[in-house]
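Peer 1: any chance you could fold what I've pasted below:
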Amino acid sequence: MSRALGALVLCAAAGFAHAQTSPDAVAWLRRIYQATEQLSYTGTFVYQQGARTETSRIAHLAGASGGTEKLEVLEGAAREILRTRNEIRCYLPDRHLVKVEPRGDPRAFPAVLPEQVTALSEYYAITMGHTGRIAGFDCQAVELKPLDEMRYGYRLWADTRSGMLLKAQTFKLDGAIVEQFTFAQLDIGTVARDRLRPPRMAKKWRVEQAAVAPADLASMGWRLEPAVPGFHKVVEIRRMLRDSEPVDQVVFSDGLAAVSVFIEPKSKRTEASRDGLSGMGAVNVVTRHIADHLVTVVGETPVVSVQRIADGVSYHKPD
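Peer 2: Residues are numbered from 1 along each chain as shown. You can find the predicted model right below:
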């Protein structure tokens, strides 16, 4: 097939899927986004990734800039994550360690949608799904089917009364589920502030503080040219930990899926790493060595997208 004919077919397919997007479904996406931002709630949910499952407890107090939220993982190694307006604290009891970093994304879990949901119809066919009952709530499903192989599809179930997200699935083009989360129990309403307290014993734990600052990789000789339609740069920062080399991060997104590029010097790395591909569930990772740096690309997208973004990273010594 010639390049011109291929482009014509892709454009026709995109136009057809765009036409199939339902205004009602788009309105439901806006409602879901607003609910997960504006509602206070507590609950227990199960995250599934292949054969692996993990149960967590969450408490979310709505407020400005995403409010305050506490997530407790109830299986495996104990950990608690506390998100406030300005920072994220991860408490690791087994290591007596608290990891702290500035809060970069104001969206509250499990909000997965941007405010401008209409733009998603350029890359996803957005339609109404079936109704059902989850955790005692009557729910309406919304489906986002990808228009190409560059992204996954999503199926979301929301409470018909409040719009709160109760269940979300991520699936491949062939329909295979790669991950999902489901609330097993949920209470919407007033949340007491004591539900959001950090572990008492954490006062004596070691604190590992990460600093984050704006970065300009282009001025340092790095070029990132992702050949993935719809993915645009949304964040470019430098992460710094005490006694370690800085790590630069660039995040690309199509408004729903996200891919991060991490660039770090190899000078102080003691463990060996090889170029290659790895993945788990919906997340794929590509590793490359470029100009004495380790480039790691991590994406909640199919392998082809992560690989294309990794291939678009290059270094040219500044003049």
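
Peer 1: could you find the closest non-adjacent residue to Val283?
Peer 2: Distances taken as Cβ to Cβ, 6 or more residues apart in numbering place Glu300 nearest to Val283, at 5.8 Å, with adjacent residues excluded. All C-beta atoms are positioned from the backbone trio N, CA, C, and that covers glycine.

Peer 1: for burial, what's the neighbour tally of that neighbour?
Peer 2: Neighbour count for Glu300, taken as other Cβ atoms under 10 Å: 22.

Peer 1: now Arg288
Peer 2: 18.

Peer 1: I figured it hits Arg274, correct?
Peer 2: No. Counting by Cβ atoms under 8 Å, Arg274 is not a contact partner of Arg288; they are 9.9 Å apart.

Peer 1: give me the nearest residue to Arg31, chain neighbours excluded.
Peer 2: Nearest non-adjacent residue to Arg31, counting by Cβ to Cβ, 6+ apart: Gly163, 3.9 Å away.

Peer 1: I figured that neighbour was touching Leu29, is that so?
Peer 2: No. Judged on Cβ under 8 Å, Gly163 makes no contact with Leu29 at a distance of 9.8 Å.

Peer 1: quick one: secondary structure of the closest residue to Ala77 other than its chain neighbours?
Peer 2: Nearest residue to Ala77 in three dimensions, chain neighbours excluded: Asp94, at 5.8 Å (Cβ to Cβ, 6+ apart). Asp94 falls in the helix class when you classify it by DSSP: H, G, I helix; E, B strand; the rest coil.

Peer 1: circling back to that earlier point, okay, Gly163 and Leu29: which has more neighbours?
Peer 2: Neighbours per residue (other Cβ under 10 Å) separate Gly163 from Leu29, with Leu29 holding more: 25 against 19.

Peer 1: now the helix or strand in which the more buried one is found: buried residues?
Peer 2: Assigned by DSSP states H and E, Leu29 belongs to helix 23-38. Across helix 23-38, burial judged by 16 or more other Cβ atoms under 10 Å covers 25-26, 28-29, 31-33, 35-37.

Peer 1: show the subsequent helix or strand relative to it.
Peer 2: Next in line after helix 23-38, if elements are assigned by DSSP H and E, sits strand 41-49.

Peer 1: tell me what the closest residue to Thr182 other than its chain neighbours is bridged to.
Peer 2: Nearest non-adjacent residue to Thr182, counting by Cβ to Cβ, 6+ apart: Lys167, 4.5 Å away. Bridge pairing for Lys167 (DSSP bridges) gives the partners Trp157, Thr182.

Peer 1: picking that back up, overlap in contacts, Gly163 and Leu29.
Peer 2: With contacts defined as Cβ atoms under 8 Å, 6 or more residues apart in numbering, no residue is shared by Gly163 and Leu29.

Peer 1: tell me the bridge partners for Gln48.
Peer 2: Thr53, Gln180.

Peer 1: ok, now Glu208?
Peer 2: With DSSP bridges as the rule, Glu208 is bridged to Lys99.

Peer 1: hang on, the earlier thing: could you give the average pLDDT over the helix holding Leu29?
Peer 2: Across helix 23-38, pLDDT averages out at 89.

Peer 1: got the angle for it vs strand 41-49?
Peer 2: 120 degrees (axes from the mean of the first three to the mean of the last three Cα atoms, to 10 degrees).

Peer 1: tell me what helix 23-38 is packed against?
Peer 2: When contacts are defined as 3 or more Cβ pairs under 8 Å, 6 or more residues apart in numbering; DSSP states H and E, helix 23-38 packs onto strand 124-134, strand 137-146, strand 153-159, strand 165-171.

Peer 1: strand 124-134 and that one, what's the angle between them?
Peer 2: Using the same axes, to 10 degrees: helix 23-38 against strand 124-134 is 60 degrees.

Peer 1: what about Leu147, how many residues nearby?
Peer 2: Neighbours of Leu147 under the rule other Cβ under 10 Å: 22.

Peer 1: actually, Ile188.
Peer 2: The burial count for Ile188: 17, using other Cβ under 10 Å.

Peer 1: so what's it bridging to?
Peer 2: Beta-bridge partners of Ile188, as defined by DSSP bridges: Tyr41.

Peer 1: who are the contact partners of it?
Peer 2: Counting by Cβ under 8 Å, 6+ apart, Ile188 has contacts 39-41, 159, 162, 164.

Peer 1: against Thr160, how distant is it?
Peer 2: 13 Å (Cβ to Cβ, to the nearest Å).

Peer 1: what's around Leu92, how many residues?
Peer 2: Neighbour tally, Leu92, other Cβ under 10 Å: 17.

Peer 1: ok, it to Val98 distance?
Peer 2: Taking Cβ to Cβ as the measure, Leu92 falls 7 Å from Val98.

Peer 1: now do Arg31
Peer 2: 36 Å.

Peer 1: would you map out the domains in this protein?
Peer 2: Following automatic domain parsing, one gets these domains for the chain: 3-202, 215-315.

Peer 1: how about those in JSON lines, adding distance to Gln209?
Peer 2: Conversion of the domains of the chain to JSON lines gives the following (distance: least, Cβ to Cβ, whole Å):
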{"stretch": "domain 3-202", "distance to Gln209": "5"}
{"stretch": "domain 215-315", "distance to Gln209": "7"}
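
Peer 1: appreciated, that's everything.
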